[in-house]
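# Would you be able to build a 3D model of this:
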Amino acid sequence: MLKHCLFGLLLTATTFMSHAEEAQPANSTNANIAYIIDNLYTFMRSGAGKNYRLLGSVDAGTQLTLLSSEENGFIKVKDDKDREGWVEAKFISQTAGLHQQYKTLSSEMSTMQEKLRQAQIELPQLQEQTQTLTDQNQQLSAQITKLKTTLEQERVQKQAASSKEKRQLLTYGGAIAFLGLFLGIILTIVLSRRKRYEGWA
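Modelled structure (predicted):
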């Protein structure tokens with residue numbers, strides 16, 4: 001099971017890396033996000049022209065926030081250091097460069113590796129929990145079976161007791177009926193004899 005889990009995570013990471021270059025431009029559709037093109041660094045100036053004061057350099061691949069439209073071949077931007085200034089428009093691209101893609105992939109790979117490491121730690125715990133739940137389920141099944149057996153035995157015993165009670169009632173009823181009949185016959189005989197004695201007298 002551990003091999004299957006590791007294989008699944010590695011397959012996910014490979015798929016992500018193979019599609020990262022295609023996915024990155026889609027994530028950059030925000031019109032206010034742009035990047036310094038690869039393989040160079042450029043300067044940030046205080047105004048829209050080369051005659052304005054230099055504020056510093058901006059490295060290749062740096063993500064920018066566009067603050068204005070193009071003016072005199074320059075665009076006002078804010079870089080990753082929260083500096084605001086003007087950069088030549090020809091050095092700005094809406095598509096992330098290789099440097100930015102590398103950073104994104106590195107971050108995603110680190111996250112994937114952390115998830116993989118966490119899964120490796122949690123897997124034995126999950127297996128132990130699964131075994132515990134399986135044991136508990138077996139115990140509950142055994143208890144249910146035992147209760148069913150007990151209930152069936154009680155039902156049979158109640159049926160036997162009910163049948164015995166009915167037989168006893170029938171026996172008692174028959175005995176009472178016989179006794180009543182017997183007493184009736186005796187009373188009839190006694191009364192008949194008494195009438196005869198009285199007639200002779």
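# can you give me the helices for this structure?
2-27, 98-200 (DSSP state H).
# got a list of what the most centrally placed residue in the chain touches?
Residue closest to the average C-alpha location in the chain (CA atoms, centre = their mean): residue 126, at 13.8 Å. By CB atoms under 8 Å, 6 or more residues apart in numbering, the contact list for residue 126 is empty. Quick note: C-beta positions are derived from backbone N, CA and C, even for glycine.
# what's the spacing between it and residue 114?
To residue 114, residue 126 is 18 Å away according to CB to CB, to the nearest Å.
# So, low pLDDT: which residues of the protein?
Where the chain drops to pLDDT under 70, the residues are 1-31, 38-39, 97-100, 195-201.
# how about 80 then?
Counting by pLDDT under 80, the chain has low-confidence residues at 1-31, 34-41, 60-61, 95-104, 190-201.
# sorry, back to before: can you tell which of the helices of the chain is closest to residue 52?
Closest to residue 52 of the helices of the chain, according to CB to CB: helix 98-200, at 26.4 Å.
# for the closest one, the distance to its chain's centre please.
Chain-centre distance of helix 98-200: 34 Å, with CA atoms, centre = their mean, to the nearest Å.
# Next, count neighbours for residue 60.
17 (other CB atoms under 10 Å).
# hang on, the earlier thing: turn the helices of the chain into TSV, including distance to residue 62.
Below are these laid out as TSV (distance: least, CB to CB, whole Å):
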stretch	distance to residue 62
helix 2-27	15
helix 98-200	8
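# Those: which one's closest to residue 46?
Nearest of the helices of the chain (CB to CB): helix 98-200, 25.6 Å.
# one step back: right, and the helices of the chain - which one's nearest residue 54?
Here helix 98-200 is closest among the helices of the chain (CB to CB), at 22.3 Å.
# hey, what's residue 44 bridged with?
residue 56 (DSSP bridges).
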